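what's the 3D shape of this:
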Amino acid sequence: MSSVIKVNACVYSRIGFGREKNTCSFYMNGKFTSEHHIENVQASMENRGADYLFALADNMECENPDQNLNISILKEISRFHEKISVNGEELNSHVKELESRVNDTERLISSFLEMNNVPITDTRWNLGFSGLLFSDGQFVALTGGNGHVFMIRDGMFKPLAHETDRARKALDSSFEDDKLELISDETKGSVIVSDIYDLCEGDTFALLSDGIVEALGEEKIEDLLASRSDSTYIAHRIVDEAMKRKSNGDLAVMVVQVEKIYEGHQTISRPTRQPETKSVKNRVEKLNKVPPVTYKYSKSKRRSGRYQNAIFVSLVVLTVVVLFAILYLIIASIQDAAKDSLTTPSPSPTVTATATPTPPPEETEEPVEPVDNPEPVDSTPEPQIIEHIVKSGESISSITRKYYGDTSLVNALCDYNNISNPNSIKIDQVIKIPPKEVLQGN
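So this is what the prediction gives:
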């Protein structure tokens, strides 16, 4: 009796942006199959059994009634599944037959596209296949074209049936035969087969279309697969996140989780399998050391991303504080300059000089002279004497003409101010201007 495996699986398929139809199709252990004409579909299953077959394909369905042509990868997988359910062959033989069927289907579709002169840029050339086969507590993965299979176990994320598997197998086979042989793509096809590994409880697998991988990238897919949720939630999150991003192809994802493994009473004992298990583990360790794996340092990248975000935020805050400090200093200096200009007015002596010449009002009061007043001494006091400050360009003659209308009183004005030489007056010199009658009386 073989091992019984309890699994839960879910598939989501959504038509891509700007696409006329959904070209993705899937196969879930014979219970659910999807033809490419269904645009949006979701299916899930829980089951116990010994053998399982899961597959996801893109552009692997081709039908042309005019040429009586109907090529379907789902039909080939269904026939293969019926055959292995009846025959009790080993897993290696099952894998070889499935690889052959996928390669044949891919060649037929490629030949049809070439015969009809379909441009190489057409999306129908984007063929993709990803498959997963469980049998007797073991599993093997297959990919072809743009297909992708990822696995996560104990927090470790890795792709299955990757290009590194093809190169390593080619080298192993050539060294075993003591000669290096070039493998023709035409004879082998594009399908890549992984090594055979033992299943463990808690293993999670994801079969993805190229549109999903293009939209999210391996690092985001790793984060979603490691969420420790059931297959339905993980598949929904992957498609939902991919719908938010730009992608060229359709979006399809199938998530398979191994919940429990029940060992049968007649299962081959562990000691007999131990050498093979060790060799498989050694192969897994070698694969984990392959340099092209870029997702190995995702945790350190996330840590460095956190540090970069913290540094960026601190720099922004520091820049804002410096700008506010500079702005405060500028405003304070402007306010200080304004206060200084208001508190320190500069009075000039010329202001009083310009304000003193108001003779016309004084001369208009001449009719009020107390001619008939018997006290002439009291009618000529200081209020009628004007003090004139000499400015640049003024002479004693111009000053006399300004206040008396002519220059006949120049000498009298000089005598009144004790000026011996009329040409010796200086700037800012104060000259007293008495009434005209005072000078004429002298």
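
S229: how many residues sit nearby?
By other C-beta atoms under 10 Å, 16 other residues sit near S229. C-beta: built from backbone N, CA, C; applies to glycine.

next one: V316
Using other C-beta under 10 Å, V316 has 10 neighbouring residues.

All the helices of the stretch 301-442 of the chain, in order from the start?
Secondary structure of the stretch 301-442 of the chain by DSSP state H, counting those that start in this stretch: the helices cover 349-355, 359-364, 396-404, 410-416, 436-441.

swap that for the stretch 1-150 of the chain, please
Under the criterion DSSP H, counting those that start in this stretch, the stretch 1-150 of the chain contains helices at 73-86, 91-115.

which regions of the chain lie under the pLDDT threshold?
For the chain, the stretches flagged by pLDDT under 70 are 1-2, 34-39, 88, 164-188, 264-306, 342-383, 442.

Recalculate using a threshold of 50.
178-187, 265-278, 280, 286-287, 289-299, 349-355, 363-368, 370-374, 376-380, 383 (pLDDT under 50).

tell me the domain ranges of it?
Domains of the chain are assigned by automatic domain parsing as 4-293, 297-345, 349-441.

just the ones you listed: most buried one?
domain 4-293 (a mean of 17; mean count of other C-beta atoms under 10 Å).

how far does that one sit from the chain's center?
Counting by C-alpha atoms, centre = their mean, to the nearest Å, domain 4-293 is centred 32 Å from the centre of its parent chain.

and the closest residue in space to N70 that isn't next to it in sequence, what is it in contact with?
Once flanking residues are discounted, N70 sits nearest to E63: 5.0 Å by C-beta to C-beta, 6 or more residues apart in numbering. For E63, the contacting residues are 69-72, by C-beta atoms under 8 Å, 6 or more residues apart in numbering.

just those residues now: which is nearest L208?
Nearest to L208 out of these is S72 (C-beta to C-beta; 21.1 Å).

what bridges to that closest one?
For S72, the beta-bridge partners are E61 (DSSP bridges).

Would you mind measuring from V193 to G131?
V193 is 9 Å from G131, where distance means C-beta to C-beta, to the nearest Å.

how far away is M28 from N22?
Taking C-beta to C-beta, one finds M28 at 16 Å from N22.

er, A141 actually
From A141 across to N22, the span is 24 Å (C-beta to C-beta).

Does T204 touch V256 like I think?
Yes - counting by C-beta atoms under 8 Å, T204 touches V256, with 7.4 Å between them.

Can you check which residues contact both of these two?
Listed contacts common to T204 and V256 are S231; contacts here mean C-beta under 8 Å, 6+ apart.

for whichever strand or helix holds I152, packing partners?
Using DSSP states H and E, I152 maps to strand 148-153. Applying 3 or more C-beta pairs under 8 Å, 6 or more residues apart in numbering; DSSP states H and E, one finds that strand 148-153 contacts strand 128-135, strand 138-145, strand 156-160, strand 204-208, helix 210-216, helix 218-225.

want to throw the contacts of E63 into JSON lines with distance to T232?
Rendered in JSON lines, the data for the contacts of E63 read as follows (distance: C-beta to C-beta, whole Å):
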{"residue": "L69", "distance to T232": "37"}
{"residue": "N70", "distance to T232": "33"}
{"residue": "I71", "distance to T232": "32"}
{"residue": "S72", "distance to T232": "27"}
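
For N117, state which of those residues is nearest.
Comparing these against N117 with C-beta to C-beta places L69 closest, at 15.6 Å.
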